[in-house]
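> Quick one: sequence plus predicted model below, questions after.
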Amino acid sequence: MPQNGPPGLRSMICAAREMWFAVQRPKPAEDGMSLLIGATSLRDSPHHLRMLTIFFVISFLAIFSTAAILSTALSRYIIHQMMMRDAMVSTEFLNSIVHVEQAAPYFMGITDAPTPPDVQEFVSHVSRLPDVFRANVYAFDGHILWSSDPQMVGKRFEDNEELEHAMDGRLEPELSVVSRGDKDEHVGFPDGVDRFIEYYIPIRREITGEIVGAVEVYKAPESLLASMTEIRKLAWLGALAAGCALFGGLAVVVAYASRVLQRQEARIVETERLAVVGEMASAVAHGLRNPLAAIRSCAELTMEDDIPDHSRDAIRDITNQVDRLESWIRAFLIRSRNDPGSLSDQAQIDQVIQRCLENFEPQMRKRGIVSVMSGGRGHPIALAQPSELEQVLNSIISNSIEAMQKGGKLGIGWSSRPDGKIAITITDTGPGIPPDMVGRLFKPFETGKAAGLGVGLALGRRIVERMGGSLDLKNRPSEGVEVTLILPGHG
């Protein structure tokens with residue numbers, strides 16, 4: 001559907017369009033900043049892409065490094081608690097044996113201590129602890145009284161912090177990997193042992209609780225070690241899944257925000273373009289009102305003369321069109337003052353449509369276009385300024401008439417919707433609109449023909465949206481175009 005507007009404003013609006021495009025056209029630059037300077041949208045700006053890339057990289061590193069730290073800390077805590085629980089069970093078990101066998105003096109080296117055969121019951125329990133492949137019994141002074149490895153008996157290891165902590169009453173299990181030569185007491189470990197749990201069990205007197213020695217235990221519990229590996233794996237997988245979900249959600253939010261910004265940017269650009277039209281219309285309106293007033297006065301004076309009836313009809317058409325231009329200029333001036341209009345403005349739909357059809361009746365008759373008006377019962381009233389609604393309908397009807405060069409049918413109807421709004425539908429039997437132009441016709445200065453201004457539909461949609469309604473356009477399945485206006489109804 002071609003777009004049309006007041007003939008007196010055509011040249012000024014065309015000048016405004018050219019001025020806008022000249023401002024928006026990127027100038028050639030001489031350095032590497034030309035791309036950034038010439039960019040007119042977020043999508044075209046390399047700076048925007050660079051910022052998005054930096055944001056995603058930093059977010060990726062922050063999220064997954066945090067997930068790695070948390071998963072490591074969580075797995076270490078759970079594994080430590082499992083080892084601590086196992087060590088506490090062994091501590092209670094060995095101390096109960098020491099108390100039953102009264103073997104505490106053995107650790108102190110007292111002369112009347114039980115004979116070694118009497119202590120064999122205790123050390124036999126130590127050697128039979130589940131999954132233990134080495135056990136050392138330390139005296140209070142730090143030398144080894146008994147060991148599952150006879151070569152270790154009698155030795156003393158300097159700088160043994162774990163033993164010192166055990167003598168202070170602290171239980172500190174440790175998960176280690178076999179490293180030959182790391183510690184002297186690790187020499188002679190059996191083959192096949194790669195990981196082991198080591199802890200020193202404080203041995204206490206039954207009554208006083210005084211620490212008299214310690215038992216060093218080396219364990220390689222396959223089930224416990226397998227559980228630790230599984231826990232570590234699950235912690236990492238959980239952290240990875242949580243990180244991916246968080247990063248994916250963040251990416252969706254950022255992508256959505258970027259699209260919103262692009263839409264807002266397009267909206268701002270459209271507003272700026274329409275502002276150019278408003279400024280030019282406001283400037284030219286004052287210049288046109290005086291010539292229009294003179295034309296109308298001359299027409300009225302001519303009507304007082306004795307002239308043929310057909311000339312009188314032509315002069316009457318002149319006055320009607322002058323009044324029409326005057327109403328358009330008044331609407332332009334209202335918009336240039338950003339006057340939102342009154343909420344009490346009401347427009348009777350059928351009357352506004354009838355006036356619009358009367359305005360274009362000579363053009364439709366000349367082109368062989370038949371108008372068909374249909375509507376529901378009653379006289380629906382919309383919350384809209386009548387002159388502005390008439391201007392929107394005039395623009396749409398004018399486009400439809402220009403589209404039907406060889407005649408056709410113009411249909412216009414209205415209906416009340418269940419939500420209280422009023423729908424106005426305008427159809428024609430023209431050739432339709434190219435698919436690539438449908439989404440662009442509501443942008444300022446976008447038009448489907450060379451002589452078009454590209455402001456009618458853009459201004460029309462802005463007017464309707466300010467009324468609280470909507471304006472949409474689509475190609476009909478058979479032929480022509482269908483335009484739908486949705487306006488808030490009164491009552």
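Great, that's in hand.

> Quick check, central residue of this protein?
Nearest to the geometric centre of the chain sits residue 253, at 2.2 Å (Cα atoms, centre = their mean).

> Now do it, the pLDDT please.
You'll see residue 253 listed with a pLDDT of 90.

> That one is in what secondary structure piece?
For residue 253, the element it lies in under DSSP states H and E is helix 222-304.

> Quick one: name whatever helix or strand follows that helix.
Toward the C-terminus from helix 222-304 - assigned by DSSP H and E - lies helix 309-336.

> Could I get the average pLDDT for that next one?
On average, helix 309-336 scores 76.

> Same check on stretch 215-234?
Averaged across stretch 215-234, the pLDDT comes to 88.

> With stretch 442-456 instead?
Mean per-residue pLDDT for stretch 442-456: 64.

> again, but for stretch 400-409
On average, stretch 400-409 scores 87.

> Next: stretch 103-114.
Stretch 103-114 carries an average pLDDT of 67.

> next one: stretch 261-273
For stretch 261-273, mean pLDDT rounds to 79.

> which residue packs closest to residue 410, ignoring adjacent ones?
In this structure, residue 410 finds its nearest non-sequential neighbour in residue 371, 4.7 Å apart by Cβ to Cβ, 6 or more residues apart in numbering. Heads up, the C-betas are built off the backbone N, CA and C, glycines and all.

> Next: residue 370.
residue 409 (5.1 Å).

> and that neighbour, how far is that from residue 481?
From residue 409 across to residue 481, the span is 12 Å (Cβ to Cβ, to the nearest Å).

> where do the contact lists of the two overlap?
Any residue near both residue 409 and residue 481 by Cβ atoms under 8 Å, 6 or more residues apart in numbering counts here, and that gives residue 428.

> mean confidence for stretch 120-128?
Average pLDDT, stretch 120-128: 78.

> Please spell out which residues along that stretch are buried.
Across stretch 120-128, burial judged by 16 or more other Cβ atoms under 10 Å covers 122-123, 125-126.

> Any chance of these in JSON lines with distance to residue 459 and secondary structure as columns?
Putting the buried residues of stretch 120-128 into JSON lines (distance: Cβ to Cβ, whole Å; DSSP: H, G, I helix; E, B strand; the rest coil) gives the following:
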{"residue": "122", "distance to residue 459": "100", "secondary structure": "helix"}
{"residue": "123", "distance to residue 459": "100", "secondary structure": "helix"}
{"residue": "125", "distance to residue 459": "97", "secondary structure": "helix"}
{"residue": "126", "distance to residue 459": "95", "secondary structure": "helix"}
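
> Looking at those, spot the one nearest residue 73.
For the buried residues of stretch 120-128, the residue nearest residue 73 by Cβ to Cβ is residue 126; the value is 34.1 Å.

> secondary structure class for residue 176?
For residue 176, the secondary structure call by DSSP: H, G, I helix; E, B strand; the rest coil comes out as strand.

> ok now do it, which residues does it touch?
Residues in contact with residue 176, defined by Cβ under 8 Å, 6+ apart, are 195-198.

> Over to residue 147?
By Cβ under 8 Å, 6+ apart, the contact set of residue 147 is 134-137, 153.

> quick one, phi psi at it?
Note on residue 147: its backbone torsions stand at phi -150, psi 150 [degrees, to the nearest 10].

> Can you give me the separation between it and residue 323?
On the measure of Cβ to Cβ, residue 147 and residue 323 end up 116 Å apart.

> same deal with residue 65?
73 Å.

> now the helix holding residue 253 and helix 309-336, what's the angle there?
140 degrees (axes from the mean of the first three to the mean of the last three Cα atoms, to 10 degrees).

> so how far is helix 222-304 from its chain's centroid?
12 Å (Cα atoms, centre = their mean, to the nearest Å).

> counting contacts, what elements does it pack onto?
For helix 222-304, the elements it packs on are helix 7-24, helix 46-101, strand 195-204, helix 309-336, helix 456-466, judged by 3 or more Cβ pairs under 8 Å, 6 or more residues apart in numbering; DSSP states H and E.

> how far off helix 456-466 does it point, in degrees?
Inter-element angle recorded for helix 222-304 and helix 456-466: 110 degrees (by the same axes, to 10 degrees).

> quick one, helix 222-304 and strand 195-204 angle?
If you take the same axes, to 10 degrees, helix 222-304 sits at 110 degrees to strand 195-204.

> pLDDT check: weakest of the contacts of residue 176?
residue 195 (83).

> which residue sits closest to residue 322, ignoring its sequence neighbours?
Nearest non-adjacent residue to residue 322, counting by Cβ to Cβ, 6+ apart: residue 296, 4.6 Å away.

> Surely the one you found is in contact with residue 320?
No. Contact criterion Cβ atoms under 8 Å: residue 296 and residue 320 do not qualify, at 10.0 Å.

> which of the two has more neighbours?
residue 296 (17 against 13; other Cβ atoms under 10 Å).

> so who does that one touch?
318-319, 322-323.

> that older thread, could you check the helices and strands packed on helix 222-304 and tell me which one is nearest residue 163?
The closest of the helices and strands packed on helix 222-304 to residue 163 is strand 195-204. By Cβ to Cβ, the value is 5.7 Å.

> Tell me the buried residues in stretch 218-236?
Those would be 218-221, 224-225, 228, 231-232, 235-236, for stretch 218-236 by 16+ other Cβ under 10 Å.

> Pick the one among the residues you listed closest to residue 464.
residue 236 (57.1 Å).

> Might you report the residue contacts of the residue lying closest to the closest one once chain neighbours are set aside?
Nearest in space to residue 236, with sequence neighbours left out and distances taken as Cβ to Cβ, 6+ apart, is residue 71 at 5.2 Å. For residue 71, the contacting residues are 235-236, 238-239, by Cβ under 8 Å, 6+ apart.

> Could you rerun that using 6 Å?
235-236, 239 (Cβ atoms under 6 Å, 6 or more residues apart in numbering).

> ok, now residue 468?
If you count contacts by Cβ under 6 Å, 6+ apart, then residue 468 has residue 488 around it.

> And it, how close does it get to residue 490?
Remark: distance between residue 468 and residue 490 (Cβ to Cβ) = 12 Å.

> Could you do residue 476 as well?
30 Å.

> Compare the two (neighbour count), which wins?
More crowded of residue 476 and residue 490, by other Cβ under 10 Å: residue 490, with 16 against 13.

> My guess is the more buried one contacts residue 384. True?
No. Taking contacts as Cβ atoms under 6 Å, residue 490 lies outside contact range of residue 384: 9.2 Å.

> neighbour count winner among residue 409 and residue 481?
Using other Cβ under 10 Å, the more surrounded residue of residue 409 and residue 481 is residue 481, with 23 against 14.

> Quick check: residue 266 vs residue 100, distance?
Residue 266 is 86 Å from residue 100, by Cβ to Cβ.

> Same question for residue 381.
For residue 381, the distance to residue 100 - Cβ to Cβ - is 101 Å.

> what's the answer for residue 83, then?
Here residue 83 is placed at a distance of 26 Å from residue 100 (Cβ to Cβ).

> okay, those two: which has more neighbours?
Comparing residue 83 with residue 100 by other Cβ under 10 Å, the one with more neighbours is residue 83, at 22 against 12.

> what sits against that one?
Going by Cβ under 6 Å, 6+ apart, residue 83 touches 173, 197.

> Check the average confidence over stretch 146-166, would you?
85.

> Quick one: distance of it to the chain centre.
62 Å.
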